[in-house]
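> the following block contains a protein sequence and its predicted model.
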Amino acid sequence: MEINSFINYDVPPVSPDDTVRQVQQLFFELTNTHLPVVSDGHLVGNISEEDMAGFDLDKKVSDYHYALDVFFVNENTNWLEVLEAFAKNNANIMPVLSKEGKYLGYYELTDVMGLFRETPFFNEPGGILIVEKGSADFTFSEISQIVESDNGKLLGAFISRNEGDLTQITLKVGNTGLNSIMQSFRRYGYNIILGHEDDIYMENLKERSNYLRKFLNI
């Protein structure tokens, strides 16, 4: 899945020399939660519309360097990690950097969500399984091995909750029933949070995805 084709260049990045008033006008015209701040082709950070509420309109962005949020993905970051970065930073725009650290453009959350909906996770039949384990005690390679050892086919997996020392992983599994796979996960020390053989969970997930996309397009 080629996510690089979704790199967007429509909105030019903010300069540290721009005034807060100029940036505020940009936010007024857009629906972005953040805007990238770039100097000499390098990302300085991301300015948040919410943080700007208390800024002096006549000061420059550089005067508030301490308030910039530093987050980004690299051009070779896979789409699932990009989606995770959006969630972690509560943003709907994600700067993309080259291997050399140069600013290339940005991803929009609506585009990545659309990409997510085209994956086998949504489109192929299978069961949904949510497992939980200590954040330092699981690997995706182990999860894949457990599913495949029971002749299952792992159609997709993502971290759906990360709270304290525990992480929940949502899986879409095809080719087989979930009962034996759930037993295998228990033997490896995973807690089973949810296991559905039918499509009810998927329909709910699709409805929420549709709602989110409509909300972001308002």
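Yep, it's here.
> kindly report the domain assignment for this protein.
Domains of the chain are assigned by automatic domain parsing as 4-114, 120-213.
> how close does the residue nearest in space to the middle of the chain get to Asp165?
The C-alpha lying nearest the average C-alpha coordinate of the chain belongs to Leu83 (Cα atoms, centre = their mean; 1.8 Å). Separation of Leu83 from Asp165 (Cβ to Cβ, to the nearest Å) stands at 23 Å. To be clear about C-beta, it is placed using only N, CA and C from the backbone, and glycine gets the same treatment.
> now Asp69
25 Å.
> what about those two, which has more around it?
Shown here are Asp69 and Asp165; by other Cβ atoms under 10 Å, Asp69 has more neighbours (15 against 10).
> that one reaches Val44, doesn't it?
No - applying Cβ atoms under 8 Å as the test, Asp69 and Val44 come out as separate, 10.7 Å apart.
> what residue in the chain is the furthest from its centre?
Asp58 (34.2 Å).
> wait, isn't that one in contact with Gln24?
No - if you go by Cβ under 8 Å, Asp58 and Gln24 don't touch, sitting 11.2 Å apart.
> what secondary structure does Gln168 sit in?
strand (DSSP: H, G, I helix; E, B strand; the rest coil).
> helices of the protein, start to end?
Assigned by DSSP state H, the chain shows helices spanning 20-29, 79-89, 109-117, 120-123, 140-149, 179-187, 200-216.
> could the ones you listed be laid out in JSON lines, adding mean pLDDT?
Shown next, in JSON lines, are the helices of the chain (pLDDT from 0 to 100):
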{"stretch": "helix 20-29", "mean pLDDT": "95"}
{"stretch": "helix 79-89", "mean pLDDT": "84"}
{"stretch": "helix 109-117", "mean pLDDT": "80"}
{"stretch": "helix 120-123", "mean pLDDT": "69"}
{"stretch": "helix 140-149", "mean pLDDT": "93"}
{"stretch": "helix 179-187", "mean pLDDT": "91"}
{"stretch": "helix 200-216", "mean pLDDT": "55"}
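> Ser39: which of the ones you listed is closest?
Of all those, helix 20-29 sits nearest to Ser39, with 14.3 Å by Cβ to Cβ.
> and that closest one, what's buried?
By neighbour count on 16 or more other Cβ atoms under 10 Å, the buried set for helix 20-29 is 20, 23, 26-27.
> stretch 28-43 now?
32-39, 43.
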